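Peer 1: quick one: sequence plus predicted model below, questions after.
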Amino acid sequence: MHSVGEIRIRGTNILGLHGAQRDTFRGKNIGMIFQTFNLLQGFTALENVMMALMLAGYSTSQQRSRAESALSKLGIADPHSPIEMLSVGQQQRVAVARAVAGEPCVVLADEPTASLDPANARAAIDLIKEAARTAGAALIVTSHDPSLREAFTRIVEVSQFAPTEAVR
């Protein structure tokens, strides 16, 4: 893939990380919001957020306090609600909480509004932007939805990049 160079996040060359070391680094430094949320069925909102923090190496007390704080900031009144009992909007907020609870430096959001109507899509993007801002994280959003352009000041289109040998 790459032949020269480094990718540094918080002073760490991530190309030199392997296995569990890479997983822990990613868990602590990169928050991810998936198009389909990827929440764990059979678990509560709190447990879903705590699980991500556990995998990132946080202690049990840190997991609970960070998860409760993130869920509260995002308006999840009962963090002990099973995921299956939450509305799609609430599940989305749990997914956002999971992404920002560890205060990552980068939040990646993959098609976060794909299944939402226009009003809810805008509300979701505003929520994600605010959560990333509060966490002090850079936010990278991928979307096919042209209406989201107005929500951002900097837009980079994939078509702007010429293909390289590695991409072909």
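Peer 2: Everything's here; your move. Numbering: from 1, shown residues only.

Peer 1: the nearest residue to residue 67 once chain neighbours are set aside: neighbouring residues, count only.
Peer 2: Of all residues not flanking residue 67 in the chain, residue 49 sits nearest, at 3.8 Å (C-beta to C-beta, 6 or more residues apart in numbering). Yep, even glycine has a C-beta here, placed from its N, CA and C like the rest. Counted with other C-beta atoms under 10 Å, residues neighbouring residue 49 total 32.

Peer 1: what of residue 10?
Peer 2: Once other C-beta under 10 Å is used to define contacts, residue 10 is seen to have 11 neighbours.

Peer 1: model confidence score at it, please.
Peer 2: According to the per-residue confidence, residue 10 scores 91 in pLDDT.

Peer 1: also residue 163?
Peer 2: According to the prediction, residue 163 has pLDDT 65.

Peer 1: model confidence for the residue nearest to residue 67, exactly?
Peer 2: Per-residue confidence (pLDDT) for residue 49: 98.

Peer 1: Validate this expectation: it resides in a helix.
Peer 2: Yes. With DSSP: H, G, I helix; E, B strand; the rest coil as the criterion, residue 49 is part of a helix.

Peer 1: got a list of what it touches?
Peer 2: The neighbours of residue 49, taking C-beta atoms under 8 Å, 6 or more residues apart in numbering as the test, are 66-67, 70-71, 79, 94, 97-98, 101.

Peer 1: taking those residues one by one, which sit in helices?
Peer 2: Filtering the contacts of residue 49 for membership in helices, criterion DSSP state H, returns 66-67, 70-71, 94, 97-98.
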